[in-house]
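# test case, fold it:
(chains A and B)
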There are 2 protein chains.
Amino acid sequence: MRLPLSRAECEQWDLTDPLAAYRKEFRLRPGLVYLDGNSLGALTNRAVEHVRAMVEDQWGNDLIGSWNRHGWFDLPNRLGAAIAPLIGASADEVLVADSTSINLFKLASAAAMARGKRRRIVTESGNFPTDLYVLQGLAQLTGGAVEVVEVPREKVLKAIDESTFLVVLTHVHYRTAELFDLEGVTTRAHAVGARVLWDLSHSAGALPIALTQSRVDYAVGCTYKYLNGGPGSPAFLYVRQDLQQSLRPALSGWMGHAAPFEFTDDYRPGEGMARHRCGTPSLVAFAALEGALKALGKLDLTVVREKSIALMEMFIRGVEALPADYGVSLASPREASRRGSHVALTHPRAYELVQALIGHDVVGDFRAPDVARFGFTPLYLRYVDVWTALERLREVFSGGLHCQLPPRRSAVT
Amino acid sequence: MRLPLSRAECEQWDLTDPLAAYRKEFRLRPGLVYLDGNSLGALTNRAVEHVRAMVEDQWGNDLIGSWNRHGWFDLPNRLGAAIAPLIGASADEVLVADSTSINLFKLASAAAMARGKRRRIVTESGNFPTDLYVLQGLAQLTGGAVEVVEVPREKVLKAIDESTFLVVLTHVHYRTAELFDLEGVTTRAHAVGARVLWDLSHSAGALPIALTQSRVDYAVGCTYKYLNGGPGSPAFLYVRQDLQQSLRPALSGWMGHAAPFEFTDDYRPGEGMARHRCGTPSLVAFAALEGALKALGKLDLTVVREKSIALMEMFIRGVEALPADYGVSLASPREASRRGSHVALTHPRAYELVQALIGHDVVGDFRAPDVARFGFTPLYLRYVDVWTALERLREVFSGGLHCQLPPRRSAVT
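Take a look at the predicted model:
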């Protein structure tokens, strides 16, 4: 792969970058190289404006009348429809609601109620903790009727069998960025009559996904990473169209009722995805996400993916060029096609490495015990930023980082 | 009860009102008489400022570093501690998280896992729908191991017996504003070894509540009504201190883990209320609530309750003075001590009545089939506003409202 070889060439590439126009949508402090959009995406001007309008014009002026006047009730479906093309789904297959953890529980518990005689959910050990914890909670609540099988990645395919009703996996691993073979696992699960639930938290908005075409049954995902919806912004959930009417929610709240304003005593699930609404949504948070999604416009994820791969390749080559005694290793797959949109490095003093870089305005994050993660978000990250990041990385090390790191302080970075 | 008898006297009472200073915390359009704070509380200047700071200063400038710098991680506990004195709880007994519906499920499902041989949850038919729907969903998910008994209010006490593990009731009825005897029912439940879960959505912030002193086991509540947290703002949940360590959540997400940043595969519940966090909270929505709670300051709910009763009494007397052929009846208890902070009227054309009043800038709301609700929020409602509301009510009727109402349009008001 041809890549820029000087700061000047980086600047040249940035000028001709087909995504260059996106950067002005974002509010980024000059000088900051933000390599943590895989954890919390950056603020857009549109998010600022949408939140202001929601708070001051809608809530402030129109108060309760906003439910009708400003279409508050349909916002979860409208935002779902805006996310749908980014994950290869139809507008009526996606809903925005609650958190990723809650949505995982919603779909896993609904699948559990429809499981027939099958008892097992297969997942990966070392999956993002909430995916495991939520399934463990569900198993406990069913008094052991549902069983969670956690196996290492290489044993997942084998573990899926006729006792499996659901396979729950994360598309891009939160730590290593390793990509699961979404189509392959889905096909294998279907071959034995199991359904799949994909967690797209680290892939939605970062790379092309074709949920409907891949016949994925269920999915959930986060909107505050590559979709830039703001800290803890509401998550999404997807159910393939032909499965929707038979999937009855266990988390059945009034907003998911077929006729919520009839205030009847018995739950009757709403049409399609609407039934997976539960309580009243946090509309101020929804407004931030709405602005962020508008900033994406008609985003071409093929172009995003190409630039992401180029930025990561540039970074990895720079890391590979470091002296071996610096002790830095690549924890992500070397092959771009097997990697999401962040790069994980290991270093015995990864925490201190991340802190030192933050001190030089290059922001990545730390994952215990020894991983430093760097996210590559092509909408607001330039080639010149990667150049700068590598310069600072070399400076930190040549300043003796590998032997003079500050003492460890806290686990949250 | 002595009440103002003229507009001038209302203005006089407003001048000497001990809560008068609160009104300037709120942004209310001049001329508007807002009698729907029981559905969506009004916007405070502090909510505007807290949201702006969260979005622009924290997310925008400090990005991921805000988790440490701005104490994002502890916000659910901090806001819980701010709500605690308003419901008679200790700071470590309350957490802000998710929606009321989700929190109902959290506590009911956790109670179900600790139920022993008891199978029944007792609740009131005609309770707010989400309370019923959530319990129905839980019963289905347990495959019928948990059974929901829904009985009319007058039969609730009798239905609580040795087969009951949980009683789920709403303190103030959403439609009629009828108050449940919180202490009486709690005592009755405890006498047979059952626990109680009170939904405080229509009472928190409206009247004094003494959860700890009344030995209430569990509670949930809404923050967007009398606490003015904004549309769909995150809800709260309460677990009495001595019950916390034995209550294991079924909705076990990563944020509720004892050490979330260790990223281990097995769920270990956090200390106390922290375990009932689930996914990452929607911090922009939390910011609005934080501002709203700051605007309350050290609120004396005895004073709030006194003024609420006076405002409602004034309104009810005005309604009682209407000619009988207008067809308006009081659907709320006549006795103030048996009523929350809103007044429900019935009228055969209640929907049109509410719409006509909205057309005259007096905003109440409609609940199918024939209820018009008017909420009395003493922090921003003046005696003169009630005077105006009654004038407009008379005008609407004397204009022939009772026989010339516009056609019905939609169920959402």
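
# count of neighbours near A:Leu353?
25 (other Cβ atoms under 10 Å in any protein chain shown). Every residue, glycine included, has its C-beta placed from N, CA and C.

# pretty sure it is touching A:Gly359, no?
No: in this structure, A:Leu353 is not within contact of A:Gly359 by Cβ atoms under 8 Å, at 10.8 Å.

# need the contact list for whichever residue of the stretch 51-200 of chain A sits closest to chain B.
Residue nearest to chain B within the stretch 51-200 of chain A: A:Ser99 (2.8 Å; Cβ to the nearest Cβ). The contact partners of A:Ser99, taken as Cβ atoms under 8 Å, 6 or more residues apart in numbering or on different chains, are A:232, A:234-235, B:98, B:253, B:278-282.

# at 7 Å instead, please
A:235, B:278-280 (Cβ atoms under 7 Å, 6 or more residues apart in numbering or on different chains).

# for the longest strand seen in chain A, the averaged confidence score.
Determined from DSSP state E, the single longest strand within chain A is strand A:164-170. Taken as a whole, strand A:164-170 has an average pLDDT of 98.

# what sits up against it?
Residues contacting strand A:164-170 (Cβ under 7 Å, 6+ apart): A:108, A:111, A:115, A:118, A:120-124, A:127-128, A:131, A:135, A:156, A:160, A:180, A:185, A:189, A:192, A:194-199, A:201-202.

# check which strands are paired with that strand and give the direction for each one.
strand A:120-124 (parallel), strand A:195-199 (parallel) (DSSP bridges).

# enumerate the residues of the stretch 201-350 of chain A near chain B.
A:230-234, A:249-254, A:257, A:261-265, A:267, A:278-285, A:288 (Cβ under 7 Å from any Cβ of the partner chain).

# out of those residues, which end up buried?
A:230-234, A:249-254, A:257, A:261, A:263-264, A:267, A:278-285, A:288 (16 or more other Cβ atoms under 10 Å in any protein chain shown).

# ok, which stretches of the stretch 201-350 of chain A are helices?
A:283-296, A:301-320, A:350-359 (DSSP state H, counting those that start in this stretch).

# okay, now the residue nearest to A:Asn77 when sequence neighbours are not counted: neighbour count?
Nearest non-adjacent residue to A:Asn77, counting by Cβ to Cβ, 6 or more residues apart in numbering or on different chains: A:Leu95, 6.2 Å away. A:Leu95 has 29 neighbours, counted by other Cβ under 10 Å.

# try A:Thr100
Neighbours of A:Thr100 (other Cβ under 10 Å): 29.

# run a quick neighbour tally on the spatially closest residue to it that is not a sequence neighbour.
Excluding the flanking residues, the one nearest A:Thr100 by Cβ to Cβ, 6+ apart is A:Ala235, at 4.1 Å. When neighbours are counted by other Cβ under 10 Å, A:Ala235 registers 31.

# do the same with A:Pro323
Going by other Cβ under 10 Å, the residues that sit close to A:Pro323 add up to 11.

# helix or strand for the nearest residue to it once chain neighbours are set aside, which one?
Of all residues beyond its chain neighbours, the one nearest A:Pro323 is A:Phe397 (7.9 Å), with distances taken as Cβ to Cβ, 6+ apart. Using DSSP states H and E, A:Phe397 sits in helix A:383-398.

# ok, and what's touching that helix?
The contact list for helix A:383-398, computed with Cβ under 7 Å, 6+ apart, reads A:4, A:7, A:10-11, A:13-14, A:33, A:35, A:311, A:314-315, A:318, A:322, A:326, A:356-357, A:360, A:362.

# which two in the contacts of A:Ser99 are spaced the farthest apart?
A:Ala235 and B:Cys278 (11.3 Å; Cβ to Cβ).

# returning to what we had before: can you pull the contacts of the residue nearest to the residue of the stretch 51-200 of chain A closest to chain B when sequence neighbours are not counted?
Leaving out its chain neighbours, the residue that sits closest to A:Ser99 by Cβ to Cβ, 6+ apart is B:Gly279, at 2.8 Å. Contact partners of B:Gly279, counting by Cβ under 7 Å, 6+ apart, are A:99-102, A:130, B:253, B:255.

# so which of those residues are in helices?
Members of the contacts of B:Gly279 lying in helices (criterion: DSSP state H): A:100-102, A:130.

# in JSON lines: the residues you listed, plus pLDDT.
Output for the ones in helices among the contacts of B:Gly279, formatted as JSON lines (pLDDT from 0 to 100):
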{"residue": "A:Thr100", "pLDDT": "98"}
{"residue": "A:Ser101", "pLDDT": "98"}
{"residue": "A:Ile102", "pLDDT": "98"}
{"residue": "A:Thr130", "pLDDT": "97"}
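
# list buried residues within the residues you listed.
Applying 16+ other Cβ under 10 Å to the ones in helices among the contacts of B:Gly279 flags A:100-102, A:130 as buried.

# can you name the two of the residues you listed that sit furthest apart?
So for these, where distance means Cβ to Cβ, the most widely separated pair is A:Ile102 and A:Thr130, at 9.8 Å.

# just give the number of residues close to the closest residue to A:Ile309 other than its chain neighbours.
The shortest distance from A:Ile309 to any non-neighbouring residue, by Cβ to Cβ, 6+ apart, is to A:Ala336 (4.5 Å). Residues lying near A:Ala336 (other Cβ under 10 Å) number 18.

# gap between A:Ala336 and chain B?
25 Å (Cβ to the nearest Cβ, to the nearest Å).

# quick one, what contacts that residue?
Taking Cβ under 7 Å, 6+ apart, one finds A:309, A:312-313 in contact with A:Ala336.

# residues contacting the closest residue to A:Thr302 other than its chain neighbours?
Leaving aside its sequence neighbours, A:Thr302 sits nearest to A:Pro208 (Cβ to Cβ, 6+ apart; 5.8 Å). For A:Pro208, the contact set (Cβ under 7 Å, 6+ apart) comprises A:301-302, A:305.

# again with A:Asn45
A:25, A:27 are the contacts of A:Asn45 under Cβ under 7 Å, 6+ apart.

# give me the pLDDT value at A:Leu401.
As predicted, A:Leu401 sits at a pLDDT of 62.

# and stretch A:106-124, how far from the chain's centre?
23 Å (Cα atoms, centre = their mean, to the nearest Å).

# taking the mean pLDDT, what do you get for it?
97.

# equivalent analysis for stretch A:337-345, please.
So the average pLDDT for stretch A:337-345 ends up being 98.

# quick one: buried residues of it?
A:339-345.

# what is the nearest of these to A:Ser66?
Nearest member of the buried residues of stretch A:337-345 to A:Ser66, counting by Cβ to Cβ, is A:Ser341, at 36.4 Å.

# with adjacent residues omitted, what lies nearest to A:Trp198?
A:Ala219 is the one closest to A:Trp198 (Cβ to Cβ, 6+ apart), at 4.5 Å.

# return the distance of the one you found relative to A:Leu141.
22 Å (Cβ to Cβ, to the nearest Å).

# check A:Arg119 too.
Relative to A:Leu141, and taking Cβ to Cβ, A:Arg119 is found at 14 Å.

# ok, A:Glu271 next?
On the measure of Cβ to Cβ, A:Glu271 and A:Leu141 end up 27 Å apart.

# one more: A:Leu169?
From A:Leu169 to A:Leu141 the distance is 22 Å (Cβ to Cβ).

# in chain A, where is pLDDT below threshold?
A:400-413 (pLDDT under 70).

# residue ranges for the strands of it, please.
A:33-34, A:94-96, A:120-124, A:147-151, A:164-170, A:195-199, A:218-221, A:236-239, A:329-330, A:342-346, A:362-363, A:365-367, A:371-375.

# which one, of these, ends up nearest to B:Arg23?
Closest among these, using Cβ to Cβ: strand A:94-96, at 35.4 Å.

# quick one: strands adjacent to that closest one?
Partners of strand A:94-96 in its sheet, by DSSP bridges: strand A:236-239 (antiparallel).

# what's in contact with the strand it pairs with?
Against strand A:236-239 from outside (Cβ under 7 Å, 6+ apart): A:80, A:83, A:87, A:89, A:93-97, A:103, A:106-107, A:211, A:218-221, A:223, A:247, A:273, A:276.

# okay then, goodbye and thanks.
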